[in-house]
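> Just a sequence and a predicted model for now, questions to come.
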Amino acid sequence: MAVQRRDRPAELLDPQPGDAAAVGWTLECTAVATAAGTDVKGPYVQGRPGARFVYLSWNTVDEAGTFTMFRRAKLLLDAVPAPVLDEAVHSGLLVGRLGLTDACGGPLCARVVPPRITWSAGARDQTQRGAGGATTGPRRSGRSR
């Protein structure tokens, strides 16, 4: 599995084994204050303002090393609680923790919102990886407010 780049579905960030005990990615992002709230942007952030998300892409890899997507999960950034997003803008790190399997034991897919994902803010130099889940850490790379 990997994080899919915006507008480039074949470009995957740091592919990881889907059966790993824990996986993680760091996504460089910018956070911009708007009249509607905080807008998070970056090369791996998909969607339009007010409907931003990150794709976790499940892939198979053939003998030649070619990745073929068969499923993906959509981590909805507009589902991050506003106080958590505000603290993440201040601290420089937003962390999403989620299990990678669905209720039937298959790869997690479709829309992912709380309680399937837990969002928290952390220190900019913090590294978090938890057993049985994935951590995405969009970092603020520019001024936010």
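Right, received. Where do you want to start? Numbering: from 1, shown residues only.

> lowest confidence element among the helices and strands of the chain?
Least confident helix or strand of the chain, by mean pLDDT, DSSP states H and E, is strand 133-140 with a mean of 39.

> So what are the sheet partners of the longest strand seen in the chain and their directions?
Counting by DSSP state E, the longest strand found in the chain is strand 22-34. Here strand 22-34 has these sheet partners by DSSP bridges: strand 37-41 (antiparallel), strand 133-140 (parallel).

> Now do the helices in this protein.
Here the chain has its helices, by DSSP state H, at 82-91.

> residue ranges with poor pLDDT in it?
Applying pLDDT under 70 to the chain flags residues 124-145.

> who touches Thr34 in this structure?
Pro49 (C-beta atoms under 8 Å, 6 or more residues apart in numbering). Glycine gets a C-beta too; all of them are placed from N, C-alpha and C.

> Show me what Arg30 is bridged to.
If you look again at residue 30, you'll see it is Thr, not Arg. Lys41.

> Any idea how many residues pack against it?
For Thr30, the neighbour count with other C-beta atoms under 10 Å is 17.

> now Gln4
Count around Gln4 with other C-beta under 10 Å applied: 21.

> check contacts around the residue lying closest to it once chain neighbours are set aside.
The shortest distance from Gln4 to any non-neighbouring residue, by C-beta to C-beta, 6 or more residues apart in numbering, is to Tyr55 (4.0 Å). Residues near Tyr55 by C-beta under 8 Å, 6+ apart: Val3, Gln4, Gln46, Arg72, Ala73, Lys74, Leu75.
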